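[1] turn this into a structure:
(2 chains)
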Amino acid sequence: MLKITDLVKRYGSGDPVLKNLDLTIEGESVVSIIGSSGAGKSTLLRCINRLVEPTSGSIELNGTELTKLRGGNLRAARRKIGMVFQGFNLVDRLTVMENVQSGRLGYISTWAAIMRRYPKEDIRRAYELMERVGIAQYANTRADQLSGGERQRVGVVRALMQDPEILLADEPTASLDPKTSEQIMGLLRDLAGELKLPVLINIHNVTEAKEYTDRIVGMRYGRIIFDDKPASLDQEAMDSIYSGSPHADRSEDLKAAS
Amino acid sequence: MTSISEQFGREDWSRFSSKQKWQRFAIFAVCALAIAWSISSIEVVWAWVWDAPSQMGDLFERMYPPDATNLATILRVLWETVNIATFATAFAVLMSLPVAYLAAQNTTPNRATLWLGRLILVTSRSVNTIIWALLFVAIFGPGVVAGIIAIMFRSIGFIGKLLGEAIEEIDKRPVEALEATGASRFKVIAYAIVPQVMPTFWAVAILRWDINLRESTVLGLVGAGGIGIILQGAIDTFNWPEAATVLLAILVLVILGEVVSAFLRRRIL
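    As a prediction, this is how the structure comes out:
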């Protein structure tokens, strides 16, 4: 269970990007976060695995408080949080197998990592997952030889190799064509069910969010203003999530404050 | 109804305003004056300059035909020159890795190490190989060791600087992804940074070997080993035919070095 309480993130001295945000993800549900650019979706996701340092508040994953962790404890916690990126973030010059095994880096010794001597069970697991998503034939291919959809599958397998307790996906389909995009969304939904894994997906495509996820969280400028089943997302809710501009929203805040 | 040409009725356009034109002309005039002044101040003996073609012809006459009696010795020392360049490059490559790591903003542990790395690079690069050689001949005595270390010291700055810049220019996204998996700093470097700088690493190492080959041919002039010693000896004793042989040998070596490095570049990159 992921429990976010009163989370604030402020860059420099400006307006906070996340404003006292509360969110709880239970069980193995697939949750999508929608909202216009600049709403803070990406920051929220990155606060969870501390790629972005939260300013204040609490993030608890299965009983572990994440915001206070340092050094080795932080790395141990990160192993349990898989992440899939918009730009895939693969190491282009390494093979698919090396990219996939890099999800295990937190678990194996430095020597094994450098010599590419991966444990047998890791290799078996990698082949299973690659088979599952349909990229097993590329094990020895360099990552930059693959198409976008295949690259994102490598990204997904790398995250799953971590044996995570939660999967974060930061606009995983935004760089893909519509067809591939749906395949990846379907894959994330199915894998969540198979592996009993909660998945948190930032997404711009509302149609896909409705179709592939169990719950939709709507963000607007640092706040959650919608949180319900996809069926409840009506035109009115859509308008409130996507209307306005950051500037207008800030001036409203100022007016409210004065 | 006005036409576009009436509305925006302008047919004059110039890249620079008249004030800018004057400024540019003034800068040009100042540069020309500076060049004229510097030429007049270096006291060129023009007689020697006009004399040059006949002197050159004279020198060639004395050099021809090249004397190959010492060819065996020349080739042996030439091989020594190649070894100086190769060993020095190999050591320099190894030693420049940690320096590049320190001097790159995105890998260096803190401000102090960044400045330490930059200090090493600047020190190494601002001193010419010949000056390093003079220094190390004084320390190690004349011979190949001084030559190797001199070339190494100069190369660390060159390789470290280019490698450090390559590290700064990598795609940061894989680094972020591997940090998110909970990998240690060292493993992130080994998996996300090293593969990205490998092509630059090989290109720079080969280029530096190519440069070092040339530099090691002049080291002998200050007693730091290599073919330069024989060249110096031949010139000092007015043995121009042998000097010609040495110069030809160096030319062939440099061309061979060029061929080898072009081949390596094609094979590795």
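
[2] contact partners for A:Ser36?
    Contacts for A:Ser36 were tallied using Cβ atoms under 8 Å, 6 or more residues apart in numbering or on different chains; they are A:Arg220, A:Ile241, A:Tyr242. From N, CA and C alone the C-beta is placed, and that goes for glycine too.

[3] what's around the first one, how many residues?
    With neighbours defined by other Cβ atoms under 10 Å in any protein chain shown, the count for A:Arg220 comes to 21.

[4] and it, its phi and psi?
    phi -140, psi 110 (degrees, to the nearest 10).

[5] how near is it to chain B?
    When Cβ to the nearest Cβ, to the nearest Å is the yardstick, A:Arg220 and chain B sit 26 Å from each other.

[6] beta partners of that residue?
    The partner list for A:Arg220 in beta bridges (DSSP bridges) reads A:Arg223.

[7] interface residues of the stretch 101-250 of chain A facing chain B?
    Those residues of the stretch 101-250 of chain A that sit near chain B, judged by Cβ under 8 Å from any Cβ of the partner chain, are A:Ser102, A:Gly103, A:Arg104, A:Leu105, A:Gly106, A:Thr110, A:Ala113, A:Ile114, A:Gly155, A:Arg158, A:Ala159, A:Gln162.

[8] if we use 10 Å, what do you get?
    Taking Cβ under 10 Å from any Cβ of the partner chain as the criterion, the stretch 101-250 of chain A approaches chain B at residues A:101-110, A:113-114, A:142-143, A:155, A:158-159, A:161-162, A:164, A:168.

[9] ranges for the helices of chain A?
    Taking DSSP state H as the test, the helices found in chain A are A:41-48, A:71-79, A:96-101, A:110-115, A:120-133, A:148-161, A:178-195, A:206-212, A:235-242, A:246-257.

[10] closest one to B:Ile229 among the ones you listed?
    helix A:110-115 (43.4 Å; Cβ to Cβ).

[11] which parts of stretch A:162-180 are buried?
    Using 16 or more other Cβ atoms under 10 Å in any protein chain shown as the burial criterion, the residues of stretch A:162-180 that qualify are A:162-173, A:175-176, A:180.

[12] so which of these sit within strands?
    The strands in this structure, assigned by DSSP state E, contain A:Ile166, A:Leu167, A:Leu168, A:Ala169, A:Asp170 from the buried residues of stretch A:162-180.

[13] for the residues you listed, which one is nearest chain B?
    Distance from chain B was checked for each of those by Cβ to the nearest Cβ. The minimum falls on A:Leu168, at 8.4 Å.

[14] want to throw the helices of chain A into JSON lines with mean pLDDT?
    Shown next, in JSON lines, are the helices of chain A (pLDDT from 0 to 100):
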{"stretch": "helix A:41-48", "mean pLDDT": "93"}
{"stretch": "helix A:71-79", "mean pLDDT": "93"}
{"stretch": "helix A:96-101", "mean pLDDT": "95"}
{"stretch": "helix A:110-115", "mean pLDDT": "93"}
{"stretch": "helix A:120-133", "mean pLDDT": "94"}
{"stretch": "helix A:148-161", "mean pLDDT": "95"}
{"stretch": "helix A:178-195", "mean pLDDT": "92"}
{"stretch": "helix A:206-212", "mean pLDDT": "91"}
{"stretch": "helix A:235-242", "mean pLDDT": "86"}
{"stretch": "helix A:246-257", "mean pLDDT": "54"}
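
[15] put the alpha carbons of whatever helix or strand B:Val30 lives in into CSV.
    Element membership of B:Val30 [criterion: DSSP states H and E] is helix B:18-41. Provided in CSV are the C-alpha atoms of helix B:18-41 (Å, rounded to 0.1, in the frame of the first residue of the first chain):
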residue,chain,number,x,y,z
SER,B,18,25.8,53.2,-40.3
LYS,B,19,27.1,53.4,-36.7
GLN,B,20,27.8,49.7,-36.7
LYS,B,21,29.6,50.0,-40.0
TRP,B,22,31.9,52.7,-38.6
GLN,B,23,32.6,50.5,-35.6
ARG,B,24,33.4,47.5,-37.8
PHE,B,25,35.7,49.7,-39.9
ALA,B,26,37.4,51.0,-36.8
ILE,B,27,38.0,47.5,-35.5
PHE,B,28,39.4,46.4,-38.9
ALA,B,29,41.7,49.5,-39.0
VAL,B,30,43.0,48.8,-35.4
CYS,B,31,43.7,45.1,-36.3
ALA,B,32,45.6,46.2,-39.5
LEU,B,33,47.7,48.7,-37.5
ALA,B,34,48.5,46.1,-34.8
ILE,B,35,49.7,43.7,-37.5
ALA,B,36,51.8,46.3,-39.1
TRP,B,37,53.3,47.4,-35.8
SER,B,38,54.1,43.8,-34.7
ILE,B,39,55.8,43.1,-38.1
SER,B,40,57.9,46.3,-37.8
SER,B,41,58.8,45.5,-34.2
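
[16] need the contact partners of that helix.
    Helix B:18-41 has contacts (Cβ atoms under 10 Å, 6 or more residues apart in numbering or on different chains) with B:Ser14, B:Arg15, B:Phe16, B:Ser17.

[17] quick check: buried residues in the following helix or strand past it?
    Once helix B:18-41 ends, the next helix or strand along the chain (criterion: DSSP H and E) is helix B:46-63. Neighbour-count burial for helix B:46-63 flags B:Met63 (criterion: 16+ other Cβ under 10 Å).

[18] please name every helix or strand in contact with helix B:46-63.
    Here helix B:46-63 touches helix B:240-268, going by 3 or more Cβ pairs under 10 Å, 6 or more residues apart in numbering or on different chains; DSSP states H and E.

[19] okay, buried residues for the helix it packs on please.
    Neighbour count says helix B:240-268 has B:240-247, B:249-250, B:253, B:257, B:261, B:264 buried, by 16+ other Cβ under 10 Å.

[20] that older thread, wait, which of the contacts of helix B:18-41 is closest to A:Glu208?
    For the contacts of helix B:18-41, the nearest to A:Glu208 is B:Arg15 (51.6 Å; Cβ to Cβ).

[21] can you tell me the SS state at that closest one?
    Under DSSP: H, G, I helix; E, B strand; the rest coil, B:Arg15 falls in the coil class.

[22] and it, what does it touch?
    Going by Cβ under 10 Å, 6+ apart, B:Arg15 touches B:Lys21.

[23] fine by me, we can end here.
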